[in-house]
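**Q** Sequence and predicted structure below; questions after.
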Amino acid sequence: MNSRLNINSIYRATEGEGHWLGSPQVFVRFQGCAIGCVNCDSKETWDFPLQGTLSMEQTLENVRREALGKIKRVSITGGDPLHPKNDGAVLALVKELKERRYWINIEAAGTRIVPEIFDLIDFISFDFKTPSTQVRCNEKLFMRLVEQYKGKFQIKAVIETREDFDAVLEFHEKNFPEGRDFPWYLTPSYNLGEEFPMKRFQEVIDWNEECGGLFRVVGQQHKWLYGPDKKQV
């Protein structure tokens, strides 16, 4: 366990969005991301360090401490934990955590599938990049995810505008005209420095109802509680 990992932070928090909303877990946030979503709320995680910030031993000890000896859920996030510069360290970390019987989720940006990691972990949160992110969505990756990882993933899409919603709806109607059997969450954006976007939230709910309620609209609970700028919550 001599490798070093690009770690931004390790902290305990209750999941604030998506399928596991309300579940306490330990977040392992990796440093480094080259995706470039313009509305990212964690741009401080983009730069890659010149060398790894923590050893594997330090990382595992921090996870154990934050888990209070009882919490057995870990969410690996970023930054981008699946950037090629990180995925080797993530794979090594996943193997160590599985040996210690942790349940593991990974926050995947929707830009890569890494079978060596995805095969080992328990759940995959896969982002659908909407137009407001200015990152192009690779439809083939989503269909591959559906085919290979049935029952262990969710898709999440941040919705800031009607254009975002329409992009999600168009993709859904094209690829799942007869329905689907996995969870898909729409997250109304709640941007840094912004007051609670009640109108946007209500609009996303209305749009979803108008299309027959194809998705689940779930906001970011941690931002309601602590505000959009608070980190490690």
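**A** Great, that's in hand.

**Q** ok, now which ones touch the residue lying closest to residue 132 once chain neighbours are set aside?
**A** Leaving aside its sequence neighbours, residue 132 sits nearest to residue 160 (C-beta to C-beta, 6 or more residues apart in numbering; 4.1 Å). Backbone N, C-alpha and C define where each C-beta goes, glycine included. Applying C-beta atoms under 8 Å, 6 or more residues apart in numbering, we find residue 160 in contact with 39, 130, 132, 188-189, 191, 200.

**Q** So which of those belong to strands?
**A** Using DSSP state E, residue 188 are the members of these that sit in strands.

**Q** Take the contacts of residue 160 and write them to JSON lines, including pLDDT, neighbour count and distance to residue 115.
**A** Shown next, in JSON lines, are the contacts of residue 160 (pLDDT from 0 to 100; neighbours: other C-beta atoms under 10 Å; distance: C-beta to C-beta, whole Å):
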{"residue": "39", "pLDDT": "91", "neighbour count": "15", "distance to residue 115": "29"}
{"residue": "130", "pLDDT": "96", "neighbour count": "26", "distance to residue 115": "26"}
{"residue": "132", "pLDDT": "95", "neighbour count": "18", "distance to residue 115": "30"}
{"residue": "188", "pLDDT": "97", "neighbour count": "23", "distance to residue 115": "32"}
{"residue": "189", "pLDDT": "96", "neighbour count": "23", "distance to residue 115": "31"}
{"residue": "191", "pLDDT": "93", "neighbour count": "17", "distance to residue 115": "34"}
{"residue": "200", "pLDDT": "97", "neighbour count": "18", "distance to residue 115": "36"}
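
**Q** out of everything not next to it in sequence, what's closest to residue 80?
**A** Among residues not flanking residue 80 along the chain, residue 33 sits closest, at 3.9 Å (C-beta to C-beta, 6+ apart).

**Q** Please tell me how far the one you found sits from residue 190.
**A** According to C-beta to C-beta, to the nearest Å, residue 33 stands 20 Å off from residue 190.

**Q** next one: residue 213
**A** Distance of residue 213 to residue 190, given as C-beta to C-beta: 22 Å.

**Q** Compare neighbour counts for those two and give me the winner.
**A** residue 190 (22 against 10; other C-beta atoms under 10 Å).

**Q** was I right about the more buried one contacting residue 229?
**A** No: counting by C-beta atoms under 8 Å, residue 190 stays clear of residue 229, with 10.4 Å between them.

**Q** Give me the pLDDT value at the residue nearest to residue 132.
**A** With respect to pLDDT, residue 160 scores 97.

**Q** now do residue 193
**A** So, for residue 193, pLDDT stands at 93.

**Q** Secondary structure of residue 13: a strand, I assume?
**A** Yes: assigned with DSSP: H, G, I helix; E, B strand; the rest coil, residue 13 falls within a strand.

**Q** Would you check how far apart it and residue 175 are?
**A** Distance of residue 13 to residue 175, computed by C-beta to C-beta: 33 Å.

**Q** Could you do residue 86 as well?
**A** Note on residue 86: its distance to residue 175, by C-beta to C-beta, is 29 Å.
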